[in-house]
Structure formats: C-alpha cells, structure tokens
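# okay, sequence plus prediction incoming.
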Amino acid sequence: MTMEITPTTDITPTTDVPSATDVPSATVIPPPDHGQDIPPTTDVPLTTDVPPTTVVPPTMDIPSRRASGPPSGLAGPTGASHVLDHPAHAALTGPHAHFAEWRGRVVRYPVDVTPWLALPEEPDADDWADAAALAGPGGEVPLLGFQGQVPEDWEVTFRFEGVQYVDEGLAVAPDPEAVRLGPADVPEILDLIARTQPGPFLPRTIELGTYLGIRRGGALVAMAGERLHPPGWTEISGVCTDPVVRGEGLATRLILAVAHGIRERGETPFLHTGAGNTNAIRLYESLGFRLRRTTAFGAARAPEGLLKGRTPAAPVS
C-alpha cells in the first residue's frame, strides 16, 4: 500500500460545515481549529498497516538511485488495496497525472496546487531522502494518511487522527443559487478562506475540479469544491461559510450540489475530516455519508544534514 503524504472543523447538524486542515508542503501546519463552523473536508486518507520505515542517518549522503516517475509495480497499491486507501497516488497516476511531479518514487502535486504527496509502498532511505529534497532544507514533509513509523532521526511536528467518509445515499441536487467559480474568483476565494480557515487553498487549487459558490450582495459568502480525483471518485473539499451567513445551511446545499456534479459524471463523492470533529461527522452521516476508514494527518521534518551532498530537488512532471 502506498503511503499518502500531505491535511477540518465543527458544525452542528442542519447548519454549515466546519473547516478542513490540509498540510502544505514545507510549511508548519497547526492542528485544525475545531471552533470553526464548517466541517473539515481534509485531504488525507490513511493505511492501517504500514511496514516499518528505514532509518536514515543524519549525515548520510544518499544519491537518488532511481529514475523519476511511476516505477512499474513499485509505487502503487498492491493486492486487494482500494484506490481510496491511497487517493493522492491514485489521482496522480490517474485523472490528475498532468499535475504529477516525481522525484525518484515520490510523487506530489505542484506546491501552488495542493500539499498532497505520496510515498511508495515500502519507503526506503532513498524515498525518505527524496521526500525531504522535495520539501527543501528545513521544510516539512506532509504525512497525510500515514500511520507508519517515520525514521527515528526525523522530527514529527504534528499528528492527529482523521476519518474518511464516502457517499452512501446523499440526496444530491443542483443549487439554483450556486455559481461556478473560476480563476478570476481566486482573490475573493482566498479572502473567504482567510476569514474562515477551512484549510489551505492555494493559487492553483481551483484547477483541481469544480468549485461552486454562493454570493450575497455580490460578495462570495460560501463555497465548496473538488480536490483529489482517484479513478471513479472525487473528494469534496474547501467547504466554508462566512460567519455572517452561518446557520442558513449554505454549506449543506453546496456539498449536495458539488456531489450532484460528481454523480452526474458517474463517480462517487468522498471526503476527510478530523476524527474528533463530532459535529461535522453527525452532519455528514445525516446527509448520507458512511465511514469507510480511519486515517491520520501529520508532518515531519528531516534531520539537518540529510541532504548534504545530494543534488537539489528537481521534480519531473
């Protein structure tokens, strides 16, 4: 199984959803703010049994021995593994392959798109060093959906439990007030994100899929959209509502409208949130989402000196 690497918050049933916390590459990410009024739609699934990880000595010079790209039979899930066990890898080797940046066997999205990154099935010293090279000196490697052991000399900067939910009976429907958001709306989206803190929304996140918004008096007050896109599935993310209109059910309406578009393509919606985000979980379950698996969100920093003697990171698209 592939380890996913890169990160929601409180809602009351029948109201808006709390926020999600994604883990941006090479950035310190605090745990999610459970005081938010929008359910966390975090991006990070996780594998429940992950093999032990090789420890990388801090001063070890480890040149990348592999060509960058998806090695046959090595980087992806094996056996009866489901695509949602490793959604970032499945997306980056499937519908989102045009976003993929490889270093050795490690693959990620561009850092201005989303922080998601995926390690190979059984990461060795070279894989951890390649992940560190992608993060850069002193940078953090997002470990979203990863429950294995990080190398002993790495610093785990944060970790919290998460859950993955899938559509099992959503009453999906288009929303007459919802409008499609595009690149021209990004400045206004970033302003709403800054005020509501649902998790990272980067300058090119809008390219990942359909984002819908609701405006009042011309101002954007609520939004939701699509992020990870494994074959046959699409993640709902970026759900947030301005405090001035919370309690009107706008987040619920947008979740169902985004899910409607996903279903229209013959795909199934899914999402992630914090395991302790009980209000959001109650809302999701009331809408028709079912718990599929537990997961974890975290990040770690490589030891100083690990990259000494290695060539600078050069992701291959």
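Alright, I've got the coordinates.
# how about low-confidence regions in the stretch 201-317 of the chain?
Along the stretch 201-317 of the chain, the parts satisfying pLDDT under 70 run over 309-315.
# now the stretch 1-150 of the chain
The model of the stretch 1-150 of the chain has pLDDT under 70 over residues 1-80.
# rerun at 80
Residue ranges of the stretch 1-150 of the chain with pLDDT under 80: 1-80, 121, 146-148.
# just the strands in the protein please.
3-5, 101-103, 106-108, 117-119, 140-142, 155-167, 179-181, 211-216, 219-226, 233-241, 268-274, 289-301 (DSSP state E).
# just the C-alphas of stretch 106-116, formatted as PDB.
Taking Å, rounded to 0.1, in the frame of the first residue of the first chain, the C-alpha atoms of stretch 106-116 are listed here in PDB:
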ATOM      1  CA  VAL A 106       7.900  10.000  -4.500                       C
ATOM      2  CA  VAL A 107       5.100  11.900  -6.300                       C
ATOM      3  CA  ARG A 108       3.400  15.200  -5.300                       C
ATOM      4  CA  TYR A 109       1.100  17.900  -6.700                       C
ATOM      5  CA  PRO A 110       2.800  21.200  -7.500                       C
ATOM      6  CA  VAL A 111       3.200  23.300  -4.300                       C
ATOM      7  CA  ASP A 112       0.900  26.000  -5.600                       C
ATOM      8  CA  VAL A 113      -1.900  23.500  -6.300                       C
ATOM      9  CA  THR A 114      -2.200  21.400  -3.100                       C
ATOM     10  CA  PRO A 115       0.100  19.900  -0.500                       C
ATOM     11  CA  TRP A 116      -0.700  16.300  -1.200                       C
END
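# tell me how far that stretch lies from the chain's centre.
Centroid separation for stretch 106-116 versus its chain: 10 Å, with C-alpha atoms, centre = their mean, to the nearest Å.
# residues of that stretch that come out buried?
106-111, 113-116 (16 or more other C-beta atoms under 10 Å). For every residue, glycine as well, the C-beta is placed using N, CA and C.
# ok, so of the residues you listed, who is nearest residue 238?
Of all those, residue 238 sits closest to residue 114, with 10.1 Å by C-beta to C-beta.
# pretty sure that closest one contacts residue 203?
No: taking contacts as C-beta atoms under 8 Å, residue 114 lies outside contact range of residue 203: 11.0 Å.
# how about residue 317, nearest residue that isn't a chain neighbour?
With C-beta to C-beta, 6 or more residues apart in numbering as the criterion, residue 317 has its nearest non-adjacent residue at 5.6 Å, and that residue is residue 101.
# let me see the contact set for that neighbour.
Each residue near residue 101 by C-beta atoms under 8 Å, 6 or more residues apart in numbering is listed here: 107-110, 134, 315-317.
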